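1. Predicted model, plus sequence, below.
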Amino acid sequence: MLAKNIEKALNEQIKIEAESSQVYLAMASWAETQGFEGVASFMYKHSDEERMHMLKLAKFVNERGGHAKVSALKAPPVSFGSFKEMFQTLFDHEVMVSEKINDLVDITLECKDYATHNFLQWYVSEQIEEEALARNILDKINLIGDDKGGLYLFDNDVKLLASIVAEN
Ligand code: OFO
């Protein structure tokens, strides 16, 4: 059975994952309108993954006798300036999510809720991968700058990355 404070904290994380999905969906749509098919498909997939993270949490909360809440979400931005800014936003967002997951892990230890602690380890590992991926893309785009040819090749690269992410 989940303690009330853990249920509340998990519900806050459910909202964060849902908002992440929305942000990446907005990024996908913006990239698509800019003609960057690879970046768009990467972001659509990333948005789906965040929804999966949200559902995994919701199912866990309900299985443990709590109630997963579906909250109103903050609307994400409509446009993102440049691809460099967009990937910086993505990276910063993932760092924020990692901090929230770490806070959650802290609470489970304080409350000696080892089942939730164990469940959250999946998210801890996932965040290591997501931060590394975002950092990797950001490094690439920082190298390219505003070079149009470079951005075209980058888009193709990211498209490949999206298909690899989809297979896993
Ligand atoms: Fe990208 O974050 Fe979910 O967990």
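-> That came in fine, so what should we check first?
2. Which residues of the chain lie near the ligand?
-> Neighbours of the ligand within the chain, by C-beta under 6 Å from any ligand atom: 17, 20, 50, 53, 94, 97, 123, 126, 130. C-betas here are computed from N, CA, C, even on glycine.
3. Let me have those in TSV, adding pLDDT as columns.
-> As requested, the residues of the chain next to the ligand are exported to TSV (pLDDT from 0 to 100):
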residue	pLDDT
Glu17	98
Ser20	97
Glu50	97
His53	98
Glu94	96
Val97	97
Tyr123	98
Glu126	95
Glu130	93
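4. Redo those as TSV? Include secondary structure, neighbour count and distance to Leu161.
-> TSV is the format used below for the residues of the chain next to the ligand (DSSP: H, G, I helix; E, B strand; the rest coil; neighbours: other C-beta atoms under 10 Å; distance: C-beta to C-beta, whole Å):
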residue	secondary structure	neighbour count	distance to Leu161
Glu17	helix	22	21
Ser20	helix	24	18
Glu50	helix	23	16
His53	helix	23	19
Glu94	helix	21	15
Val97	helix	22	19
Tyr123	helix	21	21
Glu126	helix	17	16
Glu130	helix	23	13
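5. could you measure the closest residue to Glu131 other than its chain neighbours against Tyr24, distance?
-> Spatially, and ignoring its direct neighbours in sequence, Glu131 is nearest to Glu94 (5.1 Å; C-beta to C-beta, 6 or more residues apart in numbering). To Tyr24, Glu94 is 10 Å away according to C-beta to C-beta, to the nearest Å.
6. With Glu12 instead?
-> Counting by C-beta to C-beta, the gap from Glu12 to Tyr24 is 19 Å.
7. Next one: the closest residue to the ligand within the chain relative to Met1, how far apart?
-> Closest to the ligand within the chain is His53: 3.8 Å, counting by C-beta to the nearest ligand atom. According to C-beta to C-beta, His53 and Met1 sit 23 Å apart.
8. where exactly do the helices run in this structure?
-> Per DSSP state H, the chain carries helices over the ranges 4-33, 37-63, 83-110, 114-144, 148-167.
9. Appreciated, that's everything.
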